[in-house]
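Visitor: any chance you could fold what I've pasted below:
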Amino acid sequence: MKLTVWTYEGPPHVGAMRIATAMKDVHYVLHAPQGDTYADLLFTMIERRDHRPPVTYTTFQAQDLGSDTADLFKTACRDAVERHAPKALLVGASCTAELIQDDPGGLAEGMDLPVPVVPLELPSYQKKEHWGAAETFYQIVRRLSQPVERTGGGPRCNILGPCALGFRHRDDLREIRGLLERMGIAVNVVAPMTAAPADIARIGDADFNVVLYPEIADSAARWLERQFGQKRTTVVPLGMGATRDFIEEVARLAGVDPAPALLGQPANMPWWSRSVDSTYLTGKRVFVFGDATHACAMARVAVEEMGFELVGLGCYNREFARDLRDTAKKFGVEPLITDDYLEVEAKIAELHPELVLGTQMERHIAKRLGLPCAVISAPVHVQDFPARYAPVMGFEGANVLFDTLIHPLVMGLEEHLLHMFRDDFEFHDEAGPSHLHGARRQGAPEAEAPAPAEVEAEAEVAPASTAPAEAEGPILWKPDAEKELKKIPFFVRGKARRNTEAFAAERGIRSITVETLYDAKAHFAR
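Guide: Numbering: from 1, shown residues only. Next comes the predicted model:
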């Protein structure tokens, strides 16, 4: 273990909380010390849910460790069943409580409780949040599902994977349900989101399973395939191409015609991405990082649908590292598989892309590096749980993704133009409205321009911020070169500065002029 400011995933019991919070009539008794209740804020403040997670904490304290903490856990179980009357009880321990080895599963199963008990063994020091969510959902399905006689009628499917604290899961679910309905496919159960134990019991009454988020549902879907013979989808419908592939895959599994879902969809993204307003962004260098599902899907969208150049691709959940490596190989980039945000930051700084697609961590990293960024994966913050309908899957999701990817670049260009022209005689800060015949705002004081000699002297003492000091002294920028450098868009200005300084250092140039800047540009353009 190591201390860190940020983390992409919490401990596995947070993953279990995500499943319990998404479901109905389920309660989770968590053997945990006082202070572990912080996880509630993830749901009430970030996801903005209108109710607390269905979790009871034992909240033992230091003085309790000398007594029977197992008895505290059993009391918490009885109280939770009596107060909340769940239809199923999840029991487990947090990372701290795991050390005292009270065996919550064994204790609960020996209490003869009036509801089914699902014990969770979540090794907190080997696994993380997504694994904990997947394992919890798998154990719930394995414990509560029952063999059922298939209902007659048309094709039926289950939608597996949407859960609490997921990136746009609520809206993705609505979009995909609409696609299935247009194909004449009934939805049997959606789980874990909105599912009750009674729904899990009849999960076998479906012809196949739609797996929207493999990080959450893949383990359960594989078990259902072995146990009930239910095939599962493998395509995640993120982007236009993947949505079409998904529809065709579902049509094969259900034995239906895909045409009703493929034709007449309100998808603006294909035309917009070929329009004049978008094509000037073609070829932008993009770095993608997130959970494996969203990172792989967004790499395809960026390259095949937006015309960007992929320069880096990574994920933080090692359980799906193989999938990410395969995608990285397909697009000819080096995969980055790490849960250390400092490694991600170093890679972004090295590649210096023109757009970053990532999590809220990459948003902060990009801001520090002066790069545009769009959030495309959890972990996310409150602004990525919009009140409006904003899926990222399906045809409407493709429209949302177009905006998500284009807007940071467009706004970055606008900011660059504002900076570039702010010294113009008509647009600088002191200029008055042109239609009022005023060159300056009324009453604005005259700016005292420093003498050229003073400017030159000041520039000679100011070393370049990123150039290392050498024996001959630091590399200096002339004022006219600095002014010319500011005309370069801010999201590539840092790279231009570094290249110019490297060019100057190799040739023993200690003072960078406009000519040096353009010589360096010509050199690196070859």
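
Visitor: how about Arg222: what's its closest non-neighbour residue?
Guide: Arg232 (7.3 Å; C-beta to C-beta, 6 or more residues apart in numbering). Yep, even glycine has a C-beta here, placed from its N, CA and C like the rest.

Visitor: residue contacts, that neighbour?
Guide: Contact partners of Arg232, counting by C-beta atoms under 8 Å, 6 or more residues apart in numbering, are Phe208, Asn209, Val210, Val211, Ala221, Arg222, Leu224, Glu225.

Visitor: swap the cut-off to 7 Å and go again
Guide: Phe208, Asn209, Val211, Ala221, Glu225 (C-beta atoms under 7 Å, 6 or more residues apart in numbering).

Visitor: what is the burial count for the second one?
Guide: For Asn209, the neighbour count with other C-beta atoms under 10 Å is 27.

Visitor: for it, list each beta-bridge partner.
Guide: Asn158, Arg232 (DSSP bridges).

Visitor: does it touch Cys157 like I think?
Guide: Yes - using C-beta atoms under 7 Å, Asn209 is in contact with Cys157, at 6.4 Å.

Visitor: which one (most neighbours) among the contacts of Arg232?
Guide: Going by other C-beta under 10 Å, Asn209 tops the contacts of Arg232 with 27 neighbours.

Visitor: where in the stretch 51-200 of the chain is pLDDT low?
Guide: Residues of the stretch 51-200 of the chain that meet the criterion pLDDT under 70 lie in 61-67.

Visitor: how about the helices in it?
Guide: Assigned by DSSP state H, counting those that start in this stretch, the helices in the stretch 51-200 of the chain fall at 69-84, 104-109, 129-144, 169-182, 197-201.

Visitor: please name whichever of these is nearest to Ala292.
Guide: helix 129-144 (9.3 Å; C-beta to C-beta).

Visitor: what would the helices of the stretch 51-200 of the chain look like in JSON lines with distance to Leu342 and mean neighbour count?
Guide: What follows is these, written out as JSON lines (distance: least, C-beta to C-beta, whole Å; neighbours: other C-beta atoms under 10 Å):
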{"stretch": "helix 69-84", "distance to Leu342": "37", "mean neighbour count": "16"}
{"stretch": "helix 104-109", "distance to Leu342": "35", "mean neighbour count": "19"}
{"stretch": "helix 129-144", "distance to Leu342": "20", "mean neighbour count": "24"}
{"stretch": "helix 169-182", "distance to Leu342": "29", "mean neighbour count": "20"}
{"stretch": "helix 197-201", "distance to Leu342": "41", "mean neighbour count": "19"}
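
Visitor: can I get these in a markdown table with distance to Val26?
Guide: A markdown table is the format used below for these (distance: least, C-beta to C-beta, whole Å):
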| stretch | distance to Val26 |
| --- | --- |
| helix 69-84 | 9 |
| helix 104-109 | 14 |
| helix 129-144 | 8 |
| helix 169-182 | 17 |
| helix 197-201 | 7 |
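
Visitor: Val288: which of those helices is closest?
Guide: Between these, helix 129-144 lies closest to Val288; by C-beta to C-beta that is 17.9 Å.

Visitor: what's next to that closest one, contact-wise?
Guide: With C-beta under 7 Å, 6+ apart, helix 129-144 has contacts from 9-16, 18-19, 88, 90, 116, 118, 120, 122, 163, 192, 197, 200-201, 203, 215-220, 223-224, 291, 317, 319.

Visitor: and if we set it to 6 Å?
Guide: Helix 129-144 is contacted by residues 9-10, 12, 14-16, 18-19, 118, 120, 122, 192, 197, 200-201, 215-216, 219-220, 317 when judged by C-beta atoms under 6 Å, 6 or more residues apart in numbering.

Visitor: tell me the gap between it and the middle of its chain.
Guide: When distances are taken as C-alpha atoms, centre = their mean, to the nearest Å, helix 129-144 is centred 21 Å away from the chain's centroid.

Visitor: repeat for stretch 165-172
Guide: 11 Å.

Visitor: could you do stretch 77-90 as well?
Guide: Per C-alpha atoms, centre = their mean, the centroid offset for stretch 77-90 relative to its chain is 34 Å.

Visitor: for stretch 380-394, same thing?
Guide: 11 Å.

Visitor: likewise stretch 510-519?
Guide: Using C-alpha atoms, centre = their mean, the offset of stretch 510-519 from its chain centre is 41 Å.

Visitor: end to end, how far does that stretch reach?
Guide: Across stretch 510-519, the terminal residues are separated by 15 Å (C-alpha to C-alpha, to the nearest Å).

Visitor: okay, buried residues for that stretch please.
Guide: Neighbour-count burial for stretch 510-519 flags Ile512, Thr513, Thr516, Leu517, Asp519 (criterion: 16 or more other C-beta atoms under 10 Å).

Visitor: out of the residues you listed, which one sits closest to Gly397?
Guide: Nearest to Gly397 among those, with distances taken as C-beta to C-beta, is Leu517, at 43.2 Å.

Visitor: wait, the closest one touches Asp480, no?
Guide: No - judged on C-beta atoms under 6 Å, Leu517 makes no contact with Asp480 at a distance of 9.4 Å.

Visitor: now do the helices in the stretch 351-500 of the chain.
Guide: 360-369, 394-420, 452-461, 479-485, 490-506.

Visitor: out of the ones you listed, which gets the lowest mean score?
Guide: Among the helices of the stretch 351-500 of the chain, helix 452-461 has the lowest mean pLDDT, at a mean of 44.

Visitor: okay, the buried residues of stretch 510-519 in JSON lines with secondary structure and distance to Ala76 next?
Guide: Formatted as JSON lines, the buried residues of stretch 510-519 follow (DSSP: H, G, I helix; E, B strand; the rest coil; distance: C-beta to C-beta, whole Å):
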{"residue": "Ile512", "secondary structure": "strand", "distance to Ala76": "68"}
{"residue": "Thr513", "secondary structure": "coil", "distance to Ala76": "73"}
{"residue": "Thr516", "secondary structure": "helix", "distance to Ala76": "71"}
{"residue": "Leu517", "secondary structure": "helix", "distance to Ala76": "68"}
{"residue": "Asp519", "secondary structure": "helix", "distance to Ala76": "73"}
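
Visitor: give the contact list for the residue nearest to the spatial centre of the chain.
Guide: For the chain, Ser377 is the residue whose C-alpha lies nearest the centre (C-alpha atoms, centre = their mean; 1.4 Å). For Ser377, the contact set (C-beta under 6 Å, 6+ apart) comprises Phe167, Gly290, Asp291, His294, Thr359.

Visitor: and what of Leu324?
Guide: Taking C-beta under 6 Å, 6+ apart, one finds Ala292, Cys315, Pro335 in contact with Leu324.

Visitor: measure the last one to Ala302 for me?
Guide: Distance of Pro335 to Ala302, given as C-beta to C-beta, to the nearest Å: 15 Å.

Visitor: give me the more crowded residue out of those two.
Guide: Ala302 (25 against 18).

Visitor: report how many residues lie close to the closest residue to that one other than its chain neighbours.
Guide: Using C-beta to C-beta, 6+ apart and skipping residues adjacent in sequence, the residue nearest Ala302 is Phe308, 4.3 Å away. By the criterion of other C-beta under 10 Å, Phe308 has 24 neighbours.

Visitor: Asp50 now?
Guide: 5.

Visitor: what does Asp323 give?
Guide: Using other C-beta under 10 Å: Asp323 sits among 16 other residues.

Visitor: in this structure it contacts Ala292, no?
Guide: Yes - with contact defined as C-beta under 6 Å, Asp323 reaches Ala292; the gap is 5.3 Å.

Visitor: could you check how far the residue lying closest to Asp205 once chain neighbours are set aside is from Phe228?
Guide: Excluding its sequence neighbours, the residue lying closest to Asp205 (C-beta to C-beta, 6+ apart) is Val148, at 4.8 Å. Distance of Val148 to Phe228, computed by C-beta to C-beta: 9 Å.

Visitor: the two: which is more packed in?
Guide: Shown here are Val148 and Phe228; by other C-beta under 10 Å, Phe228 has more neighbours (16 against 13).

Visitor: phi first, then psi, for the more buried one.
Guide: When quoted as degrees, to the nearest 10, the phi and psi of Phe228 stand at phi -120, psi 0.

Visitor: list the contacts for Asn158?
Guide: Asn188, Val189, Ile203, Ala206, Asn209.
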